[in-house]
Each structure stands twice: as structure tokens, then as C-alpha cells.
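# I would like the atomic coordinates for the input below:
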Amino acid sequence: MSLALILFLGTAVRAAAAGRAPVDERIFAGKGPGEEASFLVVLRDAADLSPAFAIADRAARLRFVFEALSAQSEVSQASVRARLAGLGVAFRPFFLVNMIEVRAPRDVADELALLPEVSSIAPNREASMASLPDDRDGGSAALGARESAAVEPNLTLIGAPQVWAKGFTGQGIVVGIADTGFAWEHPALKGHYRGFSAGAGGVAHGYNWHDAVHDAGAGNPCGSNAAAPCDDDGHGTSTSGLSVGGEGENQIGVAPGSTFIGCRNMDRGAGTPARYTECFQWFLAPTDAAGANPRPDLAPHVINNSWGCPVNEGCTDPNVLRAVVDNVAAAGIFLSVSAGNSGPACATASDVPVFYGSVFTVGATTLADEIASFSSRGPAAADGSGRLKPDISAPGVSVRTSAQPSSYRSFSGTSAAAPHVTGAVALLWSASPALVGQVAATASLLERSAVPLRSAQDCGGFPGTNVPNAVFGYGRLDIATAVALAPAAEPRAAPAPRFSRRPAPRVVGSRSQ
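Next comes the predicted model:
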């Protein structure tokens with residue numbers, strides 16, 4: 001059991017004995033009397049989303065989840081919101097999980113903890129960049145444009161060109177990028193951004209871009225509440241490129257026929273529980289440029305999450321983000337998550353949300369199908385589940401992708417591995433529409449079709465000589481085999497070799513991986 005979990009449980013026991021919800025003591029650590037801090041008021045009631053799994057129509061399923069969650073939060077949060085308004089306290093309600101972000105002094109937190117509808121008072125603090133370990137991405141050397149239209153070797157390794165040759169490039173599938181933003185005018189991304197309309201010659205960022213950073217630190221190049229896509233770190237531009245990017249000779253993305261949308265959930269690599277929840281909520285029901293008129297029918301099919309949330313960013317309770325990702329998955333949205341870069345020791349896949357059962361966790365391999373030394377290993381220990389993680393592995397060492405503002409770079413990290421799976425899901429769902437929204441069936445197919453890889457390293461009851469194991473999971477991604485095993489769809493004309501614009505898809509975290 002982790003120290004964070006022990007501390008949380010101890011606080012919960014003391015709070016229960018006192019007849020109130022637990023208040024995490026770390027929220028106000030170092031704060032003086034009357035000094036404000038940001039925290040999350042988590043309520044007890046939760047909407048029943050179990051009927052969603054029986055809804056075959058994607059639009060209807062998304063609408064059901066959105067309406068069920070929205071209705072539940074409106075009813076159960078009413079009295080708490082009224083009390084906060086009466087106190088003149090700044091707050092932001094959420095519906096994806098029944099929670100309210102509050103900025104107030106300790107006495108307000110203690111008062112809210114006495115309310116019977118409140119489950120806990122959780123941290124919502126951002127780590128400074130200085131406190132983040134330098135484990136995000138290994139190689140970042142700048143690269144020039146290709147002189148010929150050779151497909152990147154990482155894409156060939158996973159079988160993407162074989163799927164393209166069958167006419168499936170991700171058409172009709174929307175990818176969501178939850179990251180540091182993205183440079184939308186990069187030549188490898190512009191034609192794939194859903195907000196760009198080449199034919200009309202215009203751009204519409206509403207429903208296609210959202211900025212959850214409302215209080216950016218001094219000097220942030222994107223500032224706060226950016227009205228147009230902006231990348232304050234460069235990380236999101238690279239993960240976007242590996243998922244869907246490409247133009248001319250620069251064939252870098254797994255699913256070049258898909259479109260993508262995005263939400264900035266980190267301030268130069270640092271996030272908060274509220275920012276991460278806000279982005280997931282926006283993905284479930286994207287809004288217009290004013291943050292109004294949510295439309296679940298415009299939700300992405302698959303979301304790439306190349307980040308993790310350590311304890312020092314507020315993930316003191318290992319279950320804090322669980323309800324958020326569970327509810328997104330209940331809507332039929334696939335979540336591809338990087339395993340983290342804390343290897344080679346066992347049980348290092350330990351940051352929220354990589355050990356949750358409703359996300360598909362991805363480790364990093366070399367082009368020789370060896371595990372990357374930095375790739376985090378399982379099993380999941382932070383929540384005591386001992387479940388297998390990672391679920392699968394994909395290339396994540398020195399792969400070529402987009403770099404802002406308009407160049408290319410060599411990119412390493414599990415941040416680079418997860419977008420391969422994100423793009424693979426887009427290819428698979430394009431080739432087999434019967435799988436769209438079927439998260440569990442899709443995960444199972446990706447596991448069964450993976451190239452089995454074994455390791456000399458045994459971790460927590462998962463011998464490395466067995467498949468699956470806690471080093472590679474079920475093995476290395478093989479999207480060509482997955483498509484071959486999927487329910488058949490009508491073949492389409494093979495795409496042109498160029499990557500031109502196609503016709504027209506519980507709480508916390510940060511630290512890009």
C-alpha cells in the first residue's frame with residue numbers, strides 16, 4: 001500500500017469518526033490563517049450509467065451519458081452551489097464527475113465537509129515545473145523534411161501501411177488530443193484539424209478546441225483561455241503528429257485519414273485535477289467558442305492521453321480520477337494512456353490514471369521490439385488492484401514526428417507510444433464500424449492481435465516468460481493483424497500516397513510522459 005493511500009485512509013477514518021467528509025490536510029499545507037487554496041468538493045451521488053452499454057447507436061449513447069450526468073449534477077449540487085454563492089466564494093461546477101472546484105480558505109472547506117451530500121474535499125494544486133522529474137521525453141533532436149515519401153519505420157513495424165492499402169486510413173473517426181495544446185497550422189497537422197476547412201477557406205475553433213488553462217503562470221506563451229489552438233510546450237504537437245499527422249513526404253501519423261480536435265490541460269507541462277476534468281468533460285460534449293451549447297454528437301471517438309498525475313500534483317487518492325475516465329469510457333470513447341517513464345523497476349506504472357481498468361495503457365518499445373529502459377512496468381500497485389499494466393506496447397524510441405512551429409523531431413517516451421494505439425483505434429474503427437464505441441471488445445482485439453513479446457524480468461506475479469507480462473503487456477501493437485481479425489467492412493479505394501486534406505470524429509493529472 002502506498003504512503004499516499006495510507007495517509008488518505010487515515011484522514012478518512014478520522015473524518016468518519018467526527019461525522020464529516022475528509023479534508024486532505026495537504027490542501028492548506030503552508031497556508032496562513034484565512035489564506036485561500038484551490039480544492040475539489042466531491043459529492044456522494046453518482047448517475048447510473050449502466051444502461052449506456054446496451055445502447056447500440058453511438059449518438060444516442062453519447063447523449064444518454066451526457067444527459068444523465070448533467071441532470072445528476074444539477075440536482076445534487078444545488079444546495080452546495082447556493083451555499084458557495086451566498087459566501088461569495090469562487091467556484092466551478094462539473095458534471096462529468098459530481099464535483100465542484102472551489103477557491104476559499106480553510107474554514108469554508110471545513111464547513112462544506114459537514115454537509116451530508118459531500119464525500120470528500122480533495123487537492124487541486126499544480127506542481128511547479130521545477131518539481132517535475134525530467135523523464136518526459138528522451139530524444140528531441142530537430143529533423144528536417146524527408147526527401148522522399150518513405151513511410152516512417154515505426155508505422156511500417158505496426159502494419160499501418162498494410163491497412164492504408166486496403167483503403168482504411170481512419171476516415172470518419174475523430175481523435176481527441178488531451179495535452180499541452182498543438183500548433184494547428186503545422187503543415188503536417190493543419191489539413192487534419194477538424195476546425196480547418198480548406199474548401200471554405202475558413203477556420204472554426206468552436207467545438208474543435210478548448211483551453212482549460214484559466215490561470216497560466218507568468219511568461220506562458222499561450223497565456224490563459226487561448227481562443228485558438230496553441231502549444232506552450234511542444235509536447236501536444238508531437239503526440240498529435242503521431243496520431244493523425246502527415247503531409248507530402250512526411251508520413252508520420254498512424255491514421256492520416258482521421259481528423260482531430262484538442263484541449264489544453266497543462267500549463268507548460270503542469271496540470272491540476274480541475275483542468276484534467278474540464279478537458280475530459282469538454283471531450284464528452286464539445287462546446288462553442290464561448291463555452292456554451294454543448295454537443296455530445298461532436299465528441300471524439302478516441303482520446304490520446306500522454307501524461308500522468310503524480311502525488312505532488314494532487315493525486316493523493318489513487319481513485320481520484322477513476323470516475324472521470326470510467327464515465328468517458330461508458331460513453332463509448334476509447335482512452336489510450338501512456339504508461340509513464342519511470343522504469344525499469346517493477347510496479348512503476350503508478351501515476352493516475354495509468355493503472356485504471358477503463359484505460360488502455362501503453363508501454364514503449366524500440367524498433368527492434370525491445371522494451372525501452374524508461375518504460376514503466378506493472379503490475380498496478382498504487383490502488384492495490386495488482387492488475388496487469390501495461391496492456392500493450394508500441395514504438396516509443398526515437399520516432400519521427402511534428403515539432404512546432406513547422407519542423408520535425410525525434411521523439412522518445414511512452415508519450416510517443418500511446419499515439420500509435422490512438423491512431424490504431426482510428427484505423428480499426430474505420431475498417432470495422434461494428435466496433436465503434438465497443439471499448440472492451442476493441443481492447444481485447446488489440447491484445448489478441450499483438451506480437452507476443454517476452455522478458456527476463458518478472459514483476460508481481462506476472463512472469464516475463466509468459467504472455468501477457470508486466471513489461472510488454474500482451475506484446476507490441478500490430479494493427480494489420482487486428483484489422484484482419486475484425487468484423488469485415490466493405491473495402492474502399494486505396495488512398496493516394498500523399499497526405500493531403502481528406503473529405504470529411506476520480507480526478508487529476510499532469511506531467512507529460
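# what stretches of the stretch 201-350 of the chain score poorly on pLDDT?
Scanning the stretch 201-350 of the chain for pLDDT under 70 picks out 201.
# one more pass at 80, please.
Applying pLDDT under 80 to the stretch 201-350 of the chain flags residues 201, 311-316, 320.
# got it, and the chain?
Along the chain, segments meeting pLDDT under 80 span 1-19, 125-150, 197-201, 311-316, 320, 488-513.
# most centrally placed residue in it?
Centroid check for the chain by C-alpha atoms, centre = their mean gives Asn305 as the closest residue, at 2.5 Å.
# beta-bridge partners for the spatially closest residue to it that is not a sequence neighbour, please?
Spatially, and ignoring its direct neighbours in sequence, Asn305 is nearest to Val337 (4.5 Å; C-beta to C-beta, 6 or more residues apart in numbering). In this view, the C-beta of every residue, glycine as well, is placed from N, C-alpha and C. On the basis of DSSP bridges, Val337 is bridged to Asn305, Thr361.
# how close does Val337 sit to Gln513?
Going from Val337 to Gln513 by C-beta to C-beta, to the nearest Å gives 9 Å.
# which of these two has more neighbours?
Val337 (34 against 31; other C-beta atoms under 10 Å).
# please enumerate the strands of the stretch 401-513 of the chain.
Per DSSP state E, counting those that start in this stretch, the stretch 401-513 of the chain carries strands over the ranges 407-411.
# surely Ser238 touches Ser402?
Yes. Between Ser238 and Ser402 there is a contact under C-beta atoms under 8 Å: 6.1 Å.
# what's the overlap in contacts for the two?
Here Ser238 and Ser402 have Arg409 as joint contacts, going by C-beta atoms under 8 Å, 6 or more residues apart in numbering.
# list the residues that contact the residue nearest to Asn305.
For Val337, the contact set (C-beta under 8 Å, 6+ apart) comprises 305-306, 308, 353-354, 359-362, 418.
# most neighbours, which of the residues you listed?
Neighbour max across those (other C-beta under 10 Å) = Val362, 36 neighbours.
# measure that one to Ala122 for me?
Distance from Val362 to Ala122, counting by C-beta to C-beta: 27 Å.
# now do Leu427
Counting by C-beta to C-beta, the gap from Leu427 to Ala122 is 38 Å.
# of those two, who's got more company?
It is Leu427, of Leu427 and Ala122, that has more neighbours when counted by other C-beta under 10 Å, with 30 against 26.
# hang on, the more buried one packs against Thr169?
Yes. Contact criterion C-beta under 8 Å: Leu427 and Thr169 qualify, at 7.1 Å.
# now do the shared contacts for these two.
Common contact partners of Leu427 and Thr169 (C-beta under 8 Å, 6+ apart): 163, 255.
# of the contacts of Val337, closest to Leu43?
Pro353 (20.3 Å; C-beta to C-beta).
# and the helix or strand where Cys279 lies, what does it pack against?
Element membership of Cys279, judged by DSSP states H and E, is helix 273-284. Of the remaining helices and strands, those touching helix 273-284 by 3 or more C-beta pairs under 8 Å, 6 or more residues apart in numbering; DSSP states H and E are strand 37-43, helix 58-76, strand 90-94, strand 99-104, strand 174-179, strand 209-211, strand 259-264, helix 322-330.
# and if we set it to 6 Å?
With contacts defined as 3 or more C-beta pairs under 6 Å, 6 or more residues apart in numbering; DSSP states H and E, the packing partners of helix 273-284 are helix 322-330.
# can you list contacts of the helix it packs on?
Outside helix 322-330, the residues that touch it by C-beta atoms under 6 Å, 6 or more residues apart in numbering are 49, 52, 65, 96-97, 277, 280, 335, 353, 356, 358-359, 439, 506-507.
# now do 7 Å
With contact meaning C-beta atoms under 7 Å, 6 or more residues apart in numbering, helix 322-330 is reached by 46, 49, 52, 65, 69, 96-97, 277, 280, 283-284, 335, 353, 356, 358-359, 439, 506-507.
# equivalent analysis for stretch 428-446, please.
58, 61, 163, 166, 168-173, 257, 301, 329, 332, 334, 360, 391-392, 424-425, 477, 479, 482-483, 485-487, 489.
# check stretch 459-478 too.
Taking C-beta under 7 Å, 6+ apart as the rule, stretch 459-478 contacts 158-159, 346-347, 363, 365, 369, 371, 377-379, 386, 388-394, 420-421, 424, 446-447, 449-458.
# so of these, which ones are in helices?
Those of the contacts of stretch 459-478 mapping onto helices are 420-421, 424, 446-447, 449, per DSSP state H.
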